[in-house]
Each structure stands twice: as C-alpha cells, then as structure tokens.
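S.K.: just a sequence and a predicted model for now, questions to come.
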Amino acid sequence: MPGRRLSSGERAQIEVLFGQGLSFPQIAAVIGRDRSTVWREVSRNHCYTGGRVRSGARHPHGPNPGYVAGVGYPKGWGGAYRWKYCHRNAQAKADLRARRPRSGKLRPGWGRPWPPLWQTVKDRLSQRHSPQQIAASLRREFPEQPEMWVSHETVYQAIYYQARGGMRQELVRQVALRSGRAMRRPQSRQAAAGRGSRPWVRDFHISTRPAEATDRAVPGHWEGDLVIGARGASAIITLVERATRYVMLGALPDSRVSEQVIDTLIGLMRRLPAELRKTLTWDQGIEMIQHPTFTLATDCQVYFCDPHSPWQRGSNENTNGLLRQYFPRSSTDFRTYTQDDLDAVARELNGRPRQTLNWQNPAEALNKYLVATAT
C-alpha cells in the first residue's frame, strides 16, 4: 500500500501521465492514489509556466495562450491543468517543505541564549553521568514536566554537533571511551596453573558462596579488588555491593601488602551495619593471604574467584572501569590521594542513576534497604 507521502517514482509517473493528457482521476487510478492527492500535488508543486525549467510536461488540454485568427483563445481544461509539471522540481519543493526546521531542546536558536535545560544536562555531564542516565533520571525526577524531558540522542547531538571550541574541550572526557582504546583487545586465557599454589583459597572457592549472593537477592554481599596506579607503584581498594552497586574506596598510602590491605578493609567494613557484612568475593591476589584476620574482625566471609575469571566479579570490574575516568592508568599516583578524596569520588559514583536499578542510584537503593530493615 502506498505511503502517506508521494515518492519520487510516483511523481515521475504523474509527470508522464500528465503529459499524455490524462485527467487527475485517471492518473490517480493508475498510481493507486486518491484523485485529490494528485490534484493537490500538481497544484502545490508545479513549476508555473515552466519558463525556467527545461524538463517537465504540459497537459495537452491545458489553456493555450496563443491567439488563433478567427477563433481567438481556445478554451482549455483550466485549473491545475494549465501548469507545467516537473517531477524533479516537485520533489525538491516537497523536500524543502517537509524539513520544518526547529530549534532543539538543548540547542539555542540563532542569536538566542542556551536553553535552561542545557545547564541541567551540562551539570550532570560534569558529574560523569552518561546521556542515557541523564535522560532516564530527568523523566523520573520531573514526571509532570515534559519540558524537562530529553532523549539520550538529543544529549549526544548537543555534545557532538552543537558543542564546539572550548565547550568541546570541556566535554571531551565525557564522550571518549573510558579505556582510551579504539578497538577490543583479546583477553588472556592462560592456564590456572600459571598462578602457582594458593593454599588460602582452597576451602573458600566461589562455588561455595551462598546462593543469595549469586542471585543478588539481598544486599550485603560485596566484590573487591585493587586498582593499580601508574607503573604499579600505588593502589587503592575498591568494594562494590552486588545488589545495589554501592561503592566504597579505601586508600593504601604506604603499600599494598596484605597487612595494609586487611587493615583498610576492616576499616571500610566497620562503616556498615552488621546485616550488610555477609560475604566478600576477591580474586586470588596475594594481598588477601591474611583474610582470616578480616573475617574474625568483621564476621564477613571471603570467597575467591577462579584464576583469570574477572567476569565472576562483574560489578567490581565495571566499577574499576568507571574509576579510570577519575584515575587514568598511565598517570595516577594513588599515594597523593587521601581517604577523603576517595570518599568524594565514591559519593559521585553512588549518585549516578543506574539502568540495572531501574534508574535509581546506588545510594538510594542502599538507603531504601536500610529504611526497610529499620521499620
């Protein structure tokens, strides 16, 4: 069935049939359109008398302006039959009319200031929210104000198309890949034996972890790792709660030996109520060799992943990738960051809306659980 708008091919058919002397109802029957559609097309998109258009067709029964001696001006069909019709010229007119340009929600019109909504979006971009997170959180926060809604594609257009010069430099870190790579790189799949013996892992394999931790049924189950700085000279601890994606960061100003790591982990876990200290999943790094001390101090059991299996701590790996926006691998010395600095970064991450949480942020999700358990 023909579409709502005439295509270029249909206009070409109209031009041929119009030149052959068919009436508008006859042309409509041939191309499968209503007669009024054909009449309206020729009336709107004709090229007047065609003085400046070489191609096109005239209707043989249209009025002839030439004078015939003894007869005068012969009577034609009149109306729209008197024009010249060219399908190329008609298509150009239709395309121009269909554009209907308008200023976007995040782009200023010519000579006008930036829309107020752009400042809201810009503030959230500066907090490293993604365009999709911004779009979803605005709809959730302003359910009765459609003027505050914006699609993630509109945000991208404002960044890529409209933002130029100094503003592009300001936002470039928001639209670049966090990893900085232009393509994927293959992941190592070495044999587990390459890591050597890990006797402290033997009785605490991830397969023995409680089922409620695996299915993220309730909060209190954590994933942890170290994020390493430039040249392997420094590190910090990252902890992510599996159900709410809540993040905590721990400073290691002196070293990342097991004693330092365990002491920092104990301090982080003691910030939490007992019901949120159930399990901790880690890789098989040697920094956790003294994990029994951590378990005795916090009553939080540690479990260890398979070698070379980062997907078993997927939430933590994703968070570590987000942290590279704040701490580039090639230039970061974590010894220059205090615990207060890391807490500020963690607050910003916990304020980002997350799609997996139905666009709540981790802080809201964790607080909702704490309120429910307190009542």
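M.R.: All right, it came through fine.
S.K.: mind listing what's buried in the helix or strand in which Ala98 is found?
M.R.: Assigned by DSSP states H and E, Ala98 falls within helix 87-99. Within helix 87-99, the residues that count as buried by 16 or more other C-beta atoms under 10 Å are 87, 89-91, 94. From N, CA and C alone the C-beta is placed, and that goes for glycine too.
S.K.: next: stretch 45-65.
M.R.: 45-47, 50, 56-59, 61-62.
S.K.: quick one: which two of the residues you listed are the most distant?
M.R.: Asn45 and His61 (19.9 Å; C-beta to C-beta).
S.K.: please name the nearest non-neighbouring residue to the residue nearest the centre of the chain.
M.R.: The centroid of the chain falls nearest to Gln132 when counting by C-alpha atoms, centre = their mean (4.0 Å). Nearest non-adjacent residue to Gln132, counting by C-beta to C-beta, 6 or more residues apart in numbering: His152, 4.4 Å away.
S.K.: which residues are in contact with the one you found?
M.R.: 130-132, 134-135 (C-beta atoms under 8 Å, 6 or more residues apart in numbering).
S.K.: what does the pLDDT read for it?
M.R.: On pLDDT, His152 comes in at 87.
S.K.: quick check: phi and psi on it?
M.R.: Torsion angles at His152 (phi, psi; degrees, to the nearest 10) stand at phi -70, psi -30.
S.K.: and for Leu226?
M.R.: Per degrees, to the nearest 10, the backbone of Leu226 is at phi -110, psi 140.
S.K.: re earlier: which of the helices or strands spans the residue nearest to the centre of the chain?
M.R.: Gln132 belongs to helix 131-141 when elements are defined using DSSP H and E.
S.K.: part of a strand, is Tyr303?
M.R.: Yes. Under DSSP: H, G, I helix; E, B strand; the rest coil, Tyr303 sits within a strand.
S.K.: with the flanking residues excluded, which residue is spatially nearest to it?
M.R.: Arg209 (4.6 Å).
S.K.: read off the pLDDT value for the one you found.
M.R.: 91.
S.K.: I'd say it and Lys278 touch.
M.R.: No. In this structure, Arg209 is not within contact of Lys278 by C-beta atoms under 8 Å, at 9.9 Å.
S.K.: mutual contacts of those two, please.
M.R.: Counting by C-beta under 8 Å, 6+ apart, the residues touching both Arg209 and Lys278 are His221.
S.K.: distance from stretch 357-370 to the middle of the chain?
M.R.: 21 Å (C-alpha atoms, centre = their mean, to the nearest Å).
S.K.: quick check: pLDDT value at Arg173.
M.R.: In this model, Arg173 carries a pLDDT of 47.
S.K.: can you check Thr375 too?
M.R.: 64.
S.K.: just Gln312 next, same as before
M.R.: 92.
S.K.: which residue is the nearest non-sequential neighbour of it?
M.R.: Cys305 (4.2 Å).
S.K.: what about the one you found, neighbour count?
M.R.: 20 (other C-beta atoms under 10 Å).
S.K.: roughly how far apart are it and Ala211?
M.R.: Distance of Cys305 to Ala211, given as C-beta to C-beta, to the nearest Å: 17 Å.
S.K.: all strands of the stretch 1-150 of the chain, in order?
M.R.: 57-58, 84-85 (DSSP state E, counting those that start in this stretch).
S.K.: now distance to Leu357 and mean pLDDT too, for those, in TSV please.
M.R.: TSV is the format used below for these (distance: least, C-beta to C-beta, whole Å; pLDDT from 0 to 100):
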stretch	distance to Leu357	mean pLDDT
strand 57-58	63	85
strand 84-85	59	90
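S.K.: of those strands, which approaches Lys368 most closely?
M.R.: Nearest of the strands of the stretch 1-150 of the chain (C-beta to C-beta): strand 84-85, 66.3 Å.
S.K.: what helices and strands are in contact with the closest one?
M.R.: Contact here means 3 or more C-beta pairs under 8 Å, 6 or more residues apart in numbering; DSSP states H and E; on that basis strand 84-85 packs against helix 8-19, strand 57-58.
S.K.: and that strand, which strands flank it?
M.R.: Applying DSSP bridges, strand 84-85 is found paired with strand 57-58 (antiparallel).
S.K.: what's the partner strand in contact with?
M.R.: Contacts for strand 57-58 (C-beta under 8 Å, 6+ apart): 15-16, 18-19, 50, 84-86.
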